[in-house]
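> next one to model:
(chains A and B)
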Amino acid sequence: MNPKDYRRQVEAELQSSDSGAGLQAAAPQQSPEQAWEQALAQLANPSVPADARLAALQQLQAGTFLGDQFAPYMPRYLAALREAAVDADDRLRHAALDVLINFKDEFARQRLVEGLRTSERALVPPAAALGLLARDDHASVGELARDMLARSDDAHVRAQAVRVLGADPQSKSLLSDIMKDKGEFREVRRASAAALWRLDPGRFESDATDILQDSSDYPEIKATISGALERAGVSPESPSDSTRRR
Amino acid sequence: MTGVAALSDDQLAAELEKLASPEATRCQGELLAMLREDALLYRGRGTTEAERLRAFVMARLARGGLADAMTAYVVEELESGTNPYTVAAAARAVQAMSAPPLDTVSLLEGAIERIRPVDDFVHLDVYPAPPGVAPTTAVAELVATLRQQESHAKPPDSCCAGGEAAEPHPLAPSIGALRDVELQNQDGTTARFAETFGGRAGVIAFFYTRCMTPDKCSRTVGLLGQVHKRVRNERPESQAVIAGITYDPDYDLPHRLYRYGADRGLVFSETCQLLRSVGPFAPIRETLQLGVGYGDSTVNRHRIELILIDRAGEISARKLRRLWEADEIASAVLALDRVSA
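Sure, this is the predicted structure:
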């Protein structure tokens, strides 16, 4: 099904269910517009319990599927999300940032970057911040990710930093080094393999061959590498003879 | 150009200080250069950050009396922009123009449709913009501009009205200087610029596969396929080259070029190729004075750009910033091919 057909189907389902599952908590006679007004007021109000604000957020997010009908509410939704993104409640903060970063929101990007540079400003832990930033190839955070790799010993942070670098062609050599580094966390090596595969499949195949031929490397790393090569149509036994499949 | 560090906050403040008195017409060229995609203040920044900065610059220049001189940028934004801030800034610039282009009303209507689903509050007079509610949104700014245009409709009274907006950048006359630059196509085959384009008429459009603006790269590459088809249908013996060159050659490796083109209907051949520079992209960018800027990992903004070349490698025409149609470019390629046959 193409995206337009899927969107029409979702819109029809949402409308036929009298404004969607998320709106059922509101009064049944409410129009979607009334429900969204109420949800906006809840999401933006710090005195409302976090669970109710999270439900409001989900209700509004479902509304974005309705396209034109929801369009007049979009600016206020974004503004409310930005308020929720700095709320004291961890779940609400994370949920709001999660939505905002998918909209490529500059406020969210900026605050996540600030948090990685200055921990006192952090809205979420570093690994979570990097994971969110990794979703946007155009966020321009490659330098920051390389900096995090240089100064963090945390496996989760390092793995997420490597994910960010999967969008940065200048990091091919660094990713290649990490992928082959037997002293590195295995989770980070696997993340590097995936990132290098995305950036430069040819280089990945070459490095993968080296790893597979290294008798001292770890079996689980070899299994990951071998599986990636097989999925790419490359025979792990003789990768140099293979051609990449389109 | 990727990997270039962004200006520090102090350096950026010094750049923006130039906007403090944009009325100073002696600085007009320098101020307009701040709208170039490769201007210092955008380098190394993410796309949304660069767009916010650009919107602030546009709004300041418009307020400072330079709205008419910004026509090319304003029209581009209204026609294909997808960022609420820059589109709103373009609308505000229209309000300050003495003679907006004739198609301004239809451009504004198109922009409203495009921005509605991503509408946002916009603070055009402050940088960095605060996150909260503002007095206006991008769509509200567009609607206000549309009303102003409809109520103050007037016949064109200047050289800027109605015609294609003049491109304020200096432009290169020829691709001759690039003859030895090595290119690689979607199949991995490499050849020098002179081998690919030498002695042939053709068209070169610029794109990159990670572009997020549907009316820019995706549309461009799809249209290249249509241009090629029509040229082949009308003149099967034509050796005219229909080509796209990526702004992002380190990422756009052959397999990616192949997939991107195939998905958009390109039928690859010696006369229809997607290409990447094997070495640095800078010689191509600098020689052709391309309108492209970079963040630290990829392009952060670019204009729509296409050049038509004759068999001598002279650039005979360009399409810059505005959307183009396959038929007009195919006709131009056929004319160039016939003239020099």
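
> could you pull out the helices for the stretch 151-300 of chain B?
For the stretch 151-300 of chain B, applying DSSP state H, counting those that start in this stretch gives helices covering B:193-197, B:219-234, B:254-263, B:282-287.

> those helices: which one's closest to residue B:114?
Closest of the helices of the stretch 151-300 of chain B to residue B:114 is helix B:219-234, at 13.0 Å (criterion: Cβ to Cβ). All C-beta spots, glycine's among them, are computed from the backbone N, C-alpha and C.

> give the buried residues for the closest one.
B:219-221, B:223-232 (16 or more other Cβ atoms under 10 Å in any protein chain shown).

> how about residues contacting that helix?
Contact with helix B:219-234 is made by B:203, B:205-207, B:238, B:240, B:242-244, B:260-261, B:264-267, B:271-272, B:274, B:304, B:306, B:323-327, B:329-330, B:333-334, B:337, as judged by Cβ atoms under 8 Å, 6 or more residues apart in numbering or on different chains.

> which of those count as buried?
B:203, B:205-207, B:238, B:240, B:242-244, B:260-261, B:264, B:266, B:271-272, B:274, B:304, B:306, B:324, B:326, B:329-330, B:333-334, B:337.

> what's the closest non-adjacent residue to the residue in the stretch 101-250 of chain B that chain A sits nearest to?
Per Cβ to the nearest Cβ, residue B:250 is where the stretch 101-250 of chain B lies closest to chain A, at 3.4 Å. With Cβ to Cβ, 6 or more residues apart in numbering or on different chains as the criterion, residue B:250 has its nearest non-adjacent residue at 3.4 Å, and that residue is residue A:169.

> surely that neighbour and residue B:297 touch.
Yes: using Cβ atoms under 8 Å, residue A:169 is in contact with residue B:297, at 7.2 Å.

> who has more neighbours, the two?
Just comparing residue A:169 and residue B:297: by other Cβ atoms under 10 Å in any protein chain shown the higher neighbour count belongs to residue B:297, 30 against 19.

> report the contact partners of the more buried one.
Contacts of residue B:297 by Cβ under 8 Å, 6+ apart are A:137, A:138, A:140, A:141, A:142, A:167, A:168, A:169, A:170, B:2.

> now flag whichever of those residues is closest to residue A:30.
Taking the contacts of residue B:297 together and measuring to residue A:30 by Cβ to Cβ, the closest member is residue A:138, at 38.4 Å.

> would the closest one count as being in a helix?
No: under DSSP: H, G, I helix; E, B strand; the rest coil, residue A:138 sits outside any helix and is assigned coil.

> I'd like the distance between residue B:52 and residue A:94.
Here the criterion is Cβ to Cβ, to the nearest Å. By it, residue B:52 lies 24 Å from residue A:94.

> of the two, who's got more company?
Between residue B:52 and residue A:94, counted using other Cβ under 10 Å, the more crowded position is residue B:52 (26 against 17).

> correct me, but that one touches residue B:88?
No: counting by Cβ under 8 Å, residue B:52 does not reach residue B:88; the two are 11.0 Å apart.

> any low-confidence regions in the chain?
Using chain A. Along chain A, segments meeting pLDDT under 70 span A:1-4, A:6-7, A:10-28, A:235-246.

> try chain B instead
In chain B (pLDDT under 70), the answer is B:1-4, B:21-26, B:153-170, B:340-341.

> residues of it that sit close to chain A?
B:2-3, B:5-6, B:44-49, B:52, B:116-121, B:128-129, B:131-133, B:137, B:139, B:210, B:212, B:248, B:250-251, B:253, B:255, B:258-259, B:262, B:295-300 (Cβ under 8 Å from any Cβ of the partner chain).

> fine by me, thanks again.
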